[in-house]
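# Starting from these lines, generate the structure:
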Amino acid sequence: MRIFLLILLISLLPAQTFAAPAINSAISPSARSGVVSGPITVFAVMQNYGDMTANNCRIELDVGYSGNVPISLNYQTTSPANQLIGTINQPVDIAAGAIQNFLIELTGSSAITSRDIGFDFVCDTVAAPLYPGVNSMRITISDSPLPDLIPIAVTLSADGVMRIDTAGGASAFGTAVINIGAAGDVRVRADGGEYVWPVNLLVCETDAGGNCLNPASASLDVNFAVDQTRTFSVFGFASNRLGTPFMPELARAFLRLETLGGETLAATSVAIIAPDLVPDYTPLDITAARIWAAADGSRALIIQRDGVVLHEEYWGTGGVDVAERIFSGSKSFSCALAAAAMDDGILNPDDYAWSAISAWAPGGAMPQPTQKTMIRARDLISLTSGLRGRVTPAGFPTFSNTYGLAFSAPQDLSPGQQAIYGSTGFHSFTAFFELSTGGTNDAGIVTGGTDPAAYIQTNVLDPIGSQIALWNRDINGKPDFAAGASMTARNWIKYGQLLLDDGVWDSNQVLSRSSVRKCRHYYTPALGVYGLSFWLNRPAGNTWSAVEDDVPLPANFAGQMVPSSPDDHFAALGFGNMQLHMIPSEGLVIIKYGGIGDQNIFFRELFNGAFDD
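Here you go, the predicted structure:
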C-alpha cells in the first residue's frame, strides 16, 4: 500500500520547485464501507516537495467538499511499514523532500449512502490540493453489516499508471480484493469517475494465473464470502483518433465494487495515458462551408487551424470591429471563472455550494427544499443543479436582483437527476464566486466580493489580448454570465484558442491544463452532451430524455450535437446561432455569428462528409 501511494504522489508532482513548503497527498483505497459506530480506516501519505519544512501538518475533513456529514475523524502517523507511531491527532513537521505516512480512522454516527468526502491535508502555511479519487473517498455506512472490501491495484508498469502505448491500443491493470466484512453479492465495474476519456473500460474476474474466467464486460456480479480474496483485471481500449493526456489528478480508471442496488462498497484507481494520433488533419472544404454560411445568413465567420486564420469573412451588419451580444455563449466564461479561481485557490467547483451560499446550508435562510444542501458548485454550471432554469423576467433581467432570485429559486429534483437549461445556475455560480472572495449576502443582495467579470478580464482575457466589450448587468451591477457578454468575433476566438491549447497562450500557462480539461471532460448522467458550461459532441446515450429534461436541443437531435464533426468537438452556443467551436483533434477553432438553418450542415460541408456515418 505504501508503494502504491508513493507512486501516486510522485506522479502528481509539478515540474517546478518551490522555495517554501509544498504539499501533495493521497489516500488508498478510494472507497470503503462499514457499519454505524464502527471504525473505517484508510492509509494516507503527505509529501513535502518544497524546499522548506512544512510545520504542524495535520488531517481534517474538508467541510466544503464533504458537506454536513455525520463522521468523526482521527489520524495517526505510521512508519514506512505502516506500523502506528506517534500520538493520535498530533500534528507533525515534514522536512523538505520528506514523506509522512498516516492511518486515518473514520467513524459514522448514522447511516450514509455512497457519500463523497474529502480531506484537508494542511500545514501552517500550505495545504494539499484536493483531487477527487486521489485524496477524497466515497463512503457507505450501514445499520447492518455489508461486505467490507479492500482493493489493491497494480499496473503492468508497476508505477500506478495504465499506459496504452499506441492509438487504438490496449492495456490493463490488476486488482486483488479481500472481504473482511459480511458475505454478500457485489457488482464489479470500471469507469473514469466524473470525467469521460476516450478509453473503453471492461472488467473480468481472473484466476490465479491472471486469466479471465469469462470474457471482459462492462460489469459483473459476484458473491464474496467472508475472508475471501478475489482478483480482477480492468482492460482499457483506447480510441483510434483521440488520446488521453497524462493528468493523474484527473484522468483515471476506477475499479468499483458496489451492492447490486448501486451503493458503493469499495474502489481503487490508477492513472491513464494514451497517445493522440500523429496529426493528420482532415482536408477542409472552406469554399463549400463559407458558401453555406453566407446563404444561411451568417454575419461573421472565422476558421483557424493551429492558431493560423484560414478564412475570415463578414456579411451584412457584421464586421471586424463589431461586438455582438453572444447570449448563452456567455455561459462559456463560467468555465474560465471556475478554472482561474481554482488555480488561484479561491474555490473548488467540487465543493457544496452552501459552503459559500450559506442561505442553502442546513438550517440556512433558504435551504428549502432540503435537497439544495446537496448542490455542488459544479452542478450550477452543468445544468444539473435541479434549480428552475428561468426565474428572472423574460429577456435580460436588467431590473432584477439576479442573485436573490437564484438563491430562492424552486428546486423540483435533487441535483444530478434532471438537466434544466437556463440562467439560474450560472447566476448562482457567480454569486458563489463573489461570496468565496469575501462577499456577504444580506437577504439576497451580495456585496463586498470580487466582480467576476473583472476577475476573468484580468486573469484570463488580458493575458491573451482579448476583451469583452460589454457585460449586461442586473439592478445591483452583477454581470450576467448566462447571456450578457458582447464580443467581437476576433476576441471570442482568442478565448477558444486558449481552451483548445489547454490553457496555454504564447508559451505561458494562463489556466492549468487540468482545470481546462475539467470543463470538457466532465460527465453527468443527467445529460451526457454538456460538461461544465460547454456543449460536448459525445453521444448522449440514455442520459437525454425529452420528457424529463428541460433543454432546448434541436428538433432533429438524434443523440449527438454535431454528427458531422469529430467526437472531441466542444462548443459555446448562444441564441441566434452565436457560435464558438473547438475541435482539438483537428486543431480547429471556429467562430460563426448568426444563421438560421441546421448548423450541422456547415460541418458536413467543411469536412466534406468525412465524419458522417
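
# Next, count neighbours for the closest residue to residue 538 other than its chain neighbours.
Leaving aside its sequence neighbours, residue 538 sits nearest to residue 567 (Cβ to Cβ, 6 or more residues apart in numbering; 5.6 Å). Just so you know, the C-beta spots here come from the backbone N, C-alpha and C atoms, and that holds for glycine as well. By the measure other Cβ atoms under 10 Å, the count of residues near residue 567 is 18.

# In contact with residue 567: list those residues for me.
198, 241, 242, 537, 538, 539 (Cβ atoms under 8 Å, 6 or more residues apart in numbering).

# just checking, the fourth one touches residue 568?
Meaning residue 537. Yes. The pair residue 537 / residue 568 is scored as a contact, 7.0 Å apart, by Cβ atoms under 8 Å.

# which SS state does the closest residue to residue 589 other than its chain neighbours fall under?
With Cβ to Cβ, 6+ apart as the criterion, residue 589 has its nearest non-adjacent residue at 4.2 Å, and that residue is residue 496. Judged by DSSP: H, G, I helix; E, B strand; the rest coil, the three-state class of residue 496 is helix.

# Equivalent analysis for residue 428, please.
Judged by three-state DSSP, the three-state class of residue 428 is helix.

# How much space separates it from residue 377?
Using Cβ to Cβ, to the nearest Å, we find residue 428 at a distance of 9 Å from residue 377.

# Name the residue in these two with the higher neighbour count.
Counting neighbours by other Cβ under 10 Å for residue 428 and for residue 377 shows that residue 377 has the greater number, 29 against 26.

# quick one: that one from residue 432, how far?
5 Å.

# shared neighbours of those two, anything?
347, 353, 356.

# between these, which has the most around it?
residue 353 (30 neighbours).

# Report the contact partners of that one.
Counted by Cβ under 8 Å, 6+ apart, residue 353 has contacts 360, 372, 375, 376, 377, 379, 380, 385, 428, 432.

# among those, which are in helices?
377, 379, 380, 428, 432 (DSSP state H).

# would CSV of the residues you listed with pLDDT and distance to residue 89 be doable?
Listed next are these as CSV, based on pLDDT from 0 to 100; distance: Cβ to Cβ, whole Å:
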residue, pLDDT, distance to residue 89
377, 97, 30
379, 96, 33
380, 97, 35
428, 96, 36
432, 98, 32
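
# got those as TSV, with distance to residue 284 columns?
Listed next are these as TSV, based on distance: Cβ to Cβ, whole Å:
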residue	distance to residue 284
377	39
379	37
380	37
428	40
432	41
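
# Spell out, range by range, the helices that occur in the stretch 351-500 of the chain.
377-380, 402-407, 424-436, 452-456, 489-500 (DSSP state H, counting those that start in this stretch).

# Could you do the stretch 51-200 of the chain as well?
Using DSSP H, counting those that start in this stretch, helices in the stretch 51-200 of the chain cover 63-66.

# after the lowest-mean-pLDDT helix or strand in the chain comes which helix or strand?
One helix or strand of the chain scores below all others by mean pLDDT, DSSP states H and E: helix 2-12, with a mean of 53. Once helix 2-12 ends, the next helix or strand along the chain (criterion: DSSP states H and E) is strand 23-28.

# for the helix or strand following that following strand, packing partners?
Using DSSP H and E, the helix or strand that follows strand 23-28 towards the C-terminus is strand 31-35. Judged by 3 or more Cβ pairs under 8 Å, 6 or more residues apart in numbering; DSSP states H and E, the packing partners of strand 31-35 are strand 39-48, strand 99-108, strand 136-142, strand 264-273.

# winner for burial among those?
For these, average neighbour numbers computed from mean count of other Cβ atoms under 10 Å are highest in strand 264-273, which has a mean of 26.

# tell me the domain ranges of the protein?
Under the assignment automatic domain parsing, the domains of the chain span 2-139, 149-273, 295-322+507-606, 327-485.

# wait, isn't residue 404 in contact with residue 431?
No. Under the criterion of Cβ under 8 Å, residue 404 is not in contact with residue 431, lying 9.2 Å apart.

# With neighbour numbers in mind, choose between these two.
residue 431 (27 against 24).

# Figure out how far stretch 412-431 is from the centre of its chain.
Distance of stretch 412-431 from the chain centroid (Cα atoms, centre = their mean, to the nearest Å) equals 16 Å.

# Stretch 73-87 too?
Worked out by Cα atoms, centre = their mean, stretch 73-87 lies 32 Å from the chain centre.

# Report the contact partners of residue 48.
21, 22, 23, 54, 94, 95, 96, 97, 98, 99, 123.

# partner residues bridging it?
Beta-bridge pairing for residue 48 (DSSP bridges): residue 23.

# Residue 364: what's it in contact with?
Contacts of residue 364 by Cβ under 8 Å, 6+ apart are 354, 358.

# any idea how far it lies from residue 115?
Taking Cβ to Cβ, one finds residue 364 at 20 Å from residue 115.

# What is the nearest of the contacts of residue 353 to residue 530?
residue 379 (11.5 Å; Cβ to Cβ).

# residues in contact with the closest one?
353, 385, 386, 415, 416, 425.

# try residue 559
539, 540, 541, 544.

# Could you report the separation of it from residue 102?
46 Å.

# same deal with residue 47?
12 Å.

# again, but for residue 274
33 Å.

# where along the stretch 351-500 of the chain do the strands fall?
Remark: strands assigned in the stretch 351-500 of the chain by DSSP state E, counting those that start in this stretch are 440-442, 445-447, 470-471, 485-487.

# Give me the sheet partners of the first one and which way each runs.
Sheet pairing of strand 440-442 (DSSP bridges) gives strand 445-447 (antiparallel).

# Quick check: mean pLDDT of the strand it pairs with?
Here strand 445-447 scores 96 as its mean pLDDT.

# buried sites along that strand?
residue 446 (16 or more other Cβ atoms under 10 Å).

# which residues make contact with that strand from outside it?
Contacts of strand 445-447 with the rest of the structure, by Cβ under 8 Å, 6+ apart, involve 401, 403, 404, 431, 434, 435, 439, 440, 476, 478.

# What's the local residue count around the second one?
If I follow you right, that is residue 403. Around residue 403 there are 24 residues (other Cβ under 10 Å).

# Not counting its neighbours along the chain, what's nearest it?
That would be residue 431: by Cβ to Cβ, 6+ apart, it lies 4.4 Å from residue 403.

# about what we covered before: out of the contacts of strand 445-447, which are buried?
401, 403, 404, 431, 434, 435, 439, 478.

# for those, which one is nearest residue 302?
Closest to residue 302, out of all of those and judged by Cβ to Cβ, is residue 478, at 30.6 Å.
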